[in-house]
Each structure stands twice: as C-alpha cells, then as structure tokens.
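# Got a predicted model here, sequence first, then my questions.
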Amino acid sequence: MQRLRLKADGRIVELRDGQEIPLAVAHPAGVAVQPSAAQPAVRDLRRRAQLTQLEFAAKLGVPVETIRNWEQGKRAPRGPARALLAVIAHSPETVFAALSSEPTAA
C-alpha cells in the first residue's frame, strides 16, 4: 500500500520507511509555486501599503482568507485580481483611491 502526503507547498511525497520521497508530479491547478518577477508577492505589496491582511482584503473587496491563501502560497491570484495586484505594484495610492470612491451614475 502506497502512502502519500500533500505538503504545504503543494508537493506530493511518498512515505517509505519513515522517509519522504518526492514524486515527480506537476503542481495542482491553482497552487502557487513562487511569484514571478512579473507578479509581485502579495505580502510585499500589502506591507509596502502598510496594511494588515484584514485592511488589504477590505480595500480589494475579497475575503481575508483569500489574502492569507495568496501570501502562504496555497493559491495564486488569477484573472482580474492578478491584474489589479500588478497595478497596485506600480501605483497603490491611485488604485486604493479609485476603489474607495463611489461610482458615479451615468
């Protein structure tokens, strides 16, 4: 009987004789490995903005669990969230001001 363990970083290892042997398996969809240079780390963006996880989540309009998952590498921002984080990396004050203002009626 084969015993497998899912590690916190998304790796799957086989338990054999008390040792962990890495399996050559690709990371599951949605699991972040490491942020690339094009995608800054969420924790770094949040710290540069001098916000707590709760404050950052509120400003972005996402659950605080989402921020935690991104920062811990359990999930990676995708789609619009990834684009928004890229813009925050370049101009956080402008983005937060735009997100906090009320939309005008057309």
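Perfect, I can see it now.

# so how far is the helix or strand hosting residue 59 off the chain centroid?
Following DSSP states H and E, one finds residue 59 within helix 53-60. Mean-position distance between helix 53-60 and its chain equals 13 Å (CA atoms, centre = their mean, to the nearest Å).

# buried residues in that helix?
Across helix 53-60, burial judged by 16 or more other CB atoms under 10 Å covers 53, 56-60. Any C-beta I mention is one placed from the backbone N, CA and C, and that applies to glycine too.

# Any stretches of this protein with poor pLDDT?
For the chain, the stretches with pLDDT under 70 are 1, 8-10, 24-40, 102-106.

# so which strand or helix has the spatially most central residue of it?
Most central in the chain under CA atoms, centre = their mean is residue 70, positioned 1.9 Å from the mean C-alpha point. Assigned by DSSP H and E, residue 70 belongs to helix 64-72.

# Remind me what that helix packs against, helices and strands.
Using 3 or more CB pairs under 8 Å, 6 or more residues apart in numbering; DSSP states H and E, the elements in contact with helix 64-72 are helix 42-48, helix 53-60.

# tell me what the first one is packed against?
In this case it means helix 42-48. Looks like helix 42-48 contacts helix 64-72, helix 79-90 (3+ CB pairs under 8 Å, 6+ apart).

# Test my guess that residue 67 contacts residue 49.
No - Residue 67 is beyond contact range of residue 49, at 11.9 Å (criterion: CB atoms under 8 Å).

# the more surrounded of these two?
Under the neighbour definition other CB atoms under 10 Å, residue 67 and residue 49 were set side by side, and residue 67 has more, 23 against 15.

# about what we covered before: between the helix holding residue 70 and helix 53-60, how big is the angle?
110 degrees (axes from the mean of the first three to the mean of the last three CA atoms, to 10 degrees).
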